[in-house]
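Q: Have a look; sequence and predicted model below, questions after that.
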Amino acid sequence: MKPMPTQARAIRKREALLDAAELEFADQGYELTTAKTIAAAAYVAVGTFYQYFENKNDILREIARRGLESIREHLPPFSLSAADTLSAQRLHALFVRALEFVYAYHADKPELHQVLEQRRSVDPELGEIMRQGEDALRDQIRLFVQSFNLPTPEIVTHNLFAMGEGIVHRQVFDQNSLPPEQVIEVGASMLTAYFNQLSNASD
């Protein structure tokens with residue numbers, strides 16, 4: 001990645017290129033998006049693109065980094081106090097909030113997220129950036145699970161994360177007509193039932 005610019009005008013140009021690249025990847029897909037199409041969408045010369053980015057893979061990684069920072073800035077704490085641990089209602093509300101956060105992040109630009117998901121397996125650097133975003137959420141889930149002193153907390157963390165991710169991904173990427181509010185509500189009920197079963201079994 002090229003050094004970050006320090007002058008305000010240069011920073012604005014770089015941000016305009018990133019915004020344009022998001023739209024280009026979302027509208028055209030990875031293959032049809034080029035430095036030239038991104039520069040044209042940002043109303044700058046192609047040479048300007050190369051002042052800030054090496055190529056389209058470089059700018060796609062920077063888009064992923066922006067997403068990572070957004071996750072870190074807005075990720076709500078998924079925790080319960082000791083007095084709330086037996087409340088199924090509070091547990092359900094916690095899972096609703098978690099699913100709503102993940103859904104909002106993916107539903108904002110679903111086509112762009114699909115490009116990122118497709119490219120992560122062939123671009124190790126991009127894959128690492130996206131893994132850091134997932135780890136931020138997984139760490140919150142791990143802290144929550146550990147507060148209940150359940151056996152095999154890592155497996156429970158993995159399952160909760162995988163179940164929640166699956167619920168959101170299928171809702172966003174399958175383009176079905178199911179109302180997201182109901183999908184999230186039912187999904188939270190499923191997660192609550194799973195967690196309560198584990199919690200009761202460990203008593």
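A: Right, received. Where do you want to start?

Q: Count the neighbours of Leu17 for me.
A: Other residues lying near Leu17 total 23 when counted by other CB atoms under 10 Å. All C-beta spots, glycine's among them, are computed from the backbone N, C-alpha and C.

Q: Oh, that last question was meant for Gly187, not what I typed.
A: Count around Gly187 with other CB under 10 Å applied: 23.

Q: ok, it to Ser199 distance?
A: From Gly187 over to Ser199 the distance is 18 Å, taken as CB to CB, to the nearest Å.

Q: For the top helix by length along the chain, buried residues please.
A: Among the elements of the chain assigned as helix by DSSP state H, the one spanning the most residues is helix 8-32. The neighbour-count check on helix 8-32 (16 or more other CB atoms under 10 Å) flags 13-14, 16-18, 20-26, 28, 30 as buried.

Q: Check stretch 185-201 too.
A: Burial within stretch 185-201, assessed by neighbour count using 16+ other CB under 10 Å, is assigned to Gly187, Ala188, Leu191, Thr192, Phe195, Leu198, Ser199.

Q: Tell me which other helices or strands the longest helix of the chain touches.
A: Other helices and strands packing on helix 8-32, by 3 or more CB pairs under 8 Å, 6 or more residues apart in numbering; DSSP states H and E, are helix 35-41, helix 46-52, helix 56-74, helix 110-120.

Q: of these, which approaches Leu137 most closely?
A: helix 56-74 (7.1 Å; CB to CB).
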